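Q: with the input below, show me the fold.
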Amino acid sequence: MYQYETQGTCSTAIRFNIQDGKIRGVAFEGGCNGNLKAIGKLVEGMDANECAQKLKGISCGRKPTSCGDQLAQAIELALKQPSA
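A: Numbers count the residues shown, from 1 in each chain. Coordinates of the predicted model:
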C-alpha cells in the first residue's frame with residue numbers, strides 16, 4: 001500500500017496499491033467525496049503508467065494541480081520504488 005500526502009488540493013492524502021502494474025484500491029482522504037470515489041473506480045485495474053499519463057497536469061480551478069494530478073504524481077513516485 002502506498003500513501004502519498006497531497007499538496008495544493010482539498011484532499012490531504014491518497015492511498016493505493018500497484019499489483020502487476022495495475023492500479024488497485026485508490027482512496028482519497030478529504031476532498032470532494034463523490035468525485036474522488038469516481039476517480040478511484042475509473043482507474044481501478046488501469047495500467048499504472050497509462051493512468052499517470054492521463055491524469056498528469058490536470059488543474060482544478062485556479063490551482064495548478066488537482067486530485068487527479070496528485071494521484072499521477074503519487075503513481076510516478078511509487079513506480080520508481082523497487083517494489084512497484
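Q: Provide the secondary structure category for G68.
A: helix (DSSP: H, G, I helix; E, B strand; the rest coil).
Q: need the contact list for it.
A: By Cβ atoms under 8 Å, 6 or more residues apart in numbering, the residues touching G68 are I39, L55, I58. From N, CA and C alone the C-beta is placed, and that goes for glycine too.
Q: next: N49.
A: G21, I75, L79.
Q: between these, identify the one with the most neighbours.
A: Sorting those by how many neighbours each has (other Cβ atoms under 10 Å) puts I75 first, at 28 neighbours.
Q: about what we covered before: turn the contacts of N49 into CSV, including distance to F28.
A: CSV is the format used below for those (distance: Cβ to Cβ, whole Å):
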residue, distance to F28
G21, 22
I75, 13
L79, 19
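Q: can you lay out these as CSV showing distance to D47, pLDDT and secondary structure?
A: Converted to CSV, the contacts of N49 look like this (distance: Cβ to Cβ, whole Å; pLDDT from 0 to 100; DSSP: H, G, I helix; E, B strand; the rest coil):
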residue, distance to D47, pLDDT, secondary structure
G21, 6, 97, coil
I75, 10, 98, helix
L79, 11, 97, helix
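Q: tell me the one of these nearest T6?
A: I75 (12.8 Å; Cβ to Cβ).
Q: now that closest one. Nearest residue, chain neighbours left out?
A: Sequence neighbours aside, A52 is the residue nearest to I75 in space, at 4.2 Å (criterion: Cβ to Cβ, 6 or more residues apart in numbering).
Q: pull the number of nearby residues for the residue lying closest to Q70 once chain neighbours are set aside.
A: In this structure, Q70 finds its nearest non-sequential neighbour in T6, 4.3 Å apart by Cβ to Cβ, 6+ apart. Neighbourhood size, T6 [other Cβ under 10 Å]: 22.
Q: quickly note the distance from T6 to S66.
A: 10 Å (Cβ to Cβ, to the nearest Å).
Q: need the contact list for the residue nearest to I75.
A: L71, A72, Q73, I75, E76, L79.
Q: got it, and E5?
A: T12, A13.
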